[in-house]
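Visitor: requesting a structural model of the entry that follows:
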Amino acid sequence: MIRSGGPGVYAFGDEERAQVNEVLESGYLSRYGSEDDSRFKHKVVTLEREFAKFVGVKHVVATSGGTMSIMCALASLGIGAGDEVIVPGYTFIASISSIIMVNAIPVLAEIDDSLTIDPKKIEQCITQRTRCIMPVHMLGNPSDMDRIMAIAKKYGLYVLEDCCQSIGGTYKGKETGSIGAIGAYSLNVHKTISCGDGGMVATDDDELYERAFGFHDQGHKPNRMGLEIGNRNIIGMNMRMNELSGAVALAQLRKLPTILHKLRESKKQLKDMLVGLPHFQFRRINDVDGECATMLTMIFETKDLAEKFGGAIGAKPLFASGWHNYSNMEQVLSKRTAMRAGCPYNCDKYPFGVSYGKGMLPQTDDILERSINVSVGVVDAGIGASYGINLNSSPEEIANVGENMRRILLSL
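Guide: Numbers count the residues shown, from 1 in each chain. All right, here's what the predicted structure looks like:
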């Protein structure tokens, strides 16, 4: 395998360089500039508008990172101290830490064989303090949004879609992030498209948009381009994307349809070579036509078989995939935060009786112990994808990887 990174990293080329050079030549590095100056290229604003059109929503706010996008989305929903947010136990730690950092309480839920939140297990997590469900479209596989939205409607809950790993994914014809109240995306180095670090927040709701924009920019109202005095209605932070990041992201967004087409073709070729072989099943895809196809995930019959196959290809089962498995999030399990008094999460036991520990999600543990990731577009040992193919792999290279996997599977 070559360098670690997502499909966007492998697609980087002249288009990104041209966009960045325009910004460097303009002298405007901030997202804000003079609308009367033709040198100002407003890359971030253009990115927001094009991303909104791509996703099919009215509003988008570009941020400095995916974690910031999740925090921004939570803040726009008014999630705060003592509120509970249901989130799957298999996700990157940012999904959970963002909840903690707005002083809310993450309630971990089981995943199913799609490696996304198990809708059958959500209702047992709901209490009178639950405010939001955060499905994570993990590894580019959209969550079972029909069932999740039905549960949210039944209990009057917000749905915040964590789309950090699913830019370009769809569920029954709708882009991930456009189904719930609000969606959060990541543009870091391991995502479908990348600008190094960056994120997006998407919503159709005018009020949520105004709050999200304000939270990401010191309380400012949307659409300012220069200095604004007064007129702020919330206290915010600085989560702004700069023009250089916006330039790269804009070039990448325009390549996204091509990237997705190539990923889906490559995954089909690799997957077709393994159909019918013994010892495993492919993870369930909630929308076969809508997944991003960044990963091929195999769920083995036993933990032992997964370990043997993983050892043969130089990969580990997903149970060992670092801060994507709740059991490995030592700072979460031991409740270590930078805050002190006043944060519900810092108590020895949550004030409302919510507690964590290894083994608390046995269904999730079992699935992760038996699962192996094979890269299709995301090359990342941290998520267990240290073997496989990448965006630029040729049909011959894909065939070689598939043949090697066939040989190993038949020898187990």
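Visitor: tell me where the protein has strands.
Guide: Listed in chain order, the strands of the chain (DSSP state E) span 59-63, 84-88, 105-109, 130-133, 158-162, 170-171, 174-175, 182-186, 199-203, 280-282, 295-300, 371-375.
Visitor: just the pLDDT for the residue most central in space within the chain.
Guide: The centroid of the chain falls nearest to residue 164 when counting by CA atoms, centre = their mean (1.8 Å). Residue 164 is assigned a predicted lDDT (pLDDT) of 98.
Visitor: what's the distance between the closest residue to it other than its chain neighbours and residue 412?
Guide: Spatially, and ignoring its direct neighbours in sequence, residue 164 is nearest to residue 186 (3.6 Å; CB to CB, 6 or more residues apart in numbering). Placement of C-beta: from N, CA and C, glycine included. Look at residue 186 and residue 412: by CB to CB, to the nearest Å, they are 35 Å apart.
Visitor: between those two, point out the one with more neighbours.
Guide: Legend: neighbour count by other CB atoms under 10 Å for residue 186 and residue 412, higher for residue 186 (30 against 16).
Visitor: quickly list what that one is bridged to.
Guide: Per DSSP bridges, residues listed as beta-bridge partners of residue 186: residue 199.
Visitor: any idea of the pLDDT on it?
Guide: 98.
Visitor: got it, and residue 230?
Guide: Here the pLDDT value assigned to residue 230 is 63.
Visitor: ok, residue 399 next?
Guide: Looking at residue 399, its pLDDT stands at 98.
Visitor: residues near it, how many?
Guide: With other CB under 10 Å as criterion, residue 399 counts 14.
Visitor: the one 4 residues further on now?
Guide: By other CB under 10 Å, 11 other residues sit near residue 403.
Visitor: can you tell me the closest non-neighbouring residue to it?
Guide: Sequence neighbours aside, residue 273 is the residue nearest to residue 403 in space, at 7.1 Å (criterion: CB to CB, 6+ apart).
Visitor: do the same with residue 120
Guide: residue 112 (7.4 Å).
Visitor: ok, now residue 221?
Guide: The spatial neighbour of residue 221 that comes closest, neighbours along the chain excluded (CB to CB, 6+ apart), is residue 231 at 5.8 Å.
Visitor: quick one: the one you found from residue 218, how far?
Guide: Distance, residue 231 to residue 218, by CB to CB: 12 Å.
Visitor: okay, these two: which has more neighbours?
Guide: Set residue 231 next to residue 218 and count neighbours by other CB under 10 Å: residue 218 wins out with 15 against 9.
Visitor: quick one, phi psi at the more buried one?
Guide: Here is the backbone geometry of residue 218 (degrees, to the nearest 10): phi 50, psi 30.
Visitor: let me know whether it touches residue 234 as I believe.
Guide: No. At 9.4 Å, residue 218 does not count as touching residue 234 under the criterion of CB atoms under 8 Å.
Visitor: by mean pLDDT, point me to the weakest helix or strand of the chain.
Guide: In the chain, the helix or strand scored least confidently by mean pLDDT, DSSP states H and E is helix 330-333, which has a mean of 84.
Visitor: what's that helix packed up against?
Guide: helix 93-101 (3 or more CB pairs under 8 Å, 6 or more residues apart in numbering; DSSP states H and E).
Visitor: alpha carbons only: can I get the helix it packs on in PDB?
Guide: Presented in PDB, the C-alpha positions along helix 93-101 are these (Å, rounded to 0.1, in the frame of the first residue of the first chain):
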ATOM      1  CA  ILE A  93     -14.100   9.400  19.200                       C
ATOM      2  CA  ALA A  94     -15.000  12.800  17.900                       C
ATOM      3  CA  SER A  95     -18.600  11.900  17.700                       C
ATOM      4  CA  ILE A  96     -18.600  11.200  21.400                       C
ATOM      5  CA  SER A  97     -16.100  13.900  22.600                       C
ATOM      6  CA  SER A  98     -18.100  16.600  20.800                       C
ATOM      7  CA  ILE A  99     -21.100  15.700  22.900                       C
ATOM      8  CA  ILE A 100     -19.100  15.900  26.000                       C
ATOM      9  CA  MET A 101     -17.500  19.200  25.100                       C
END
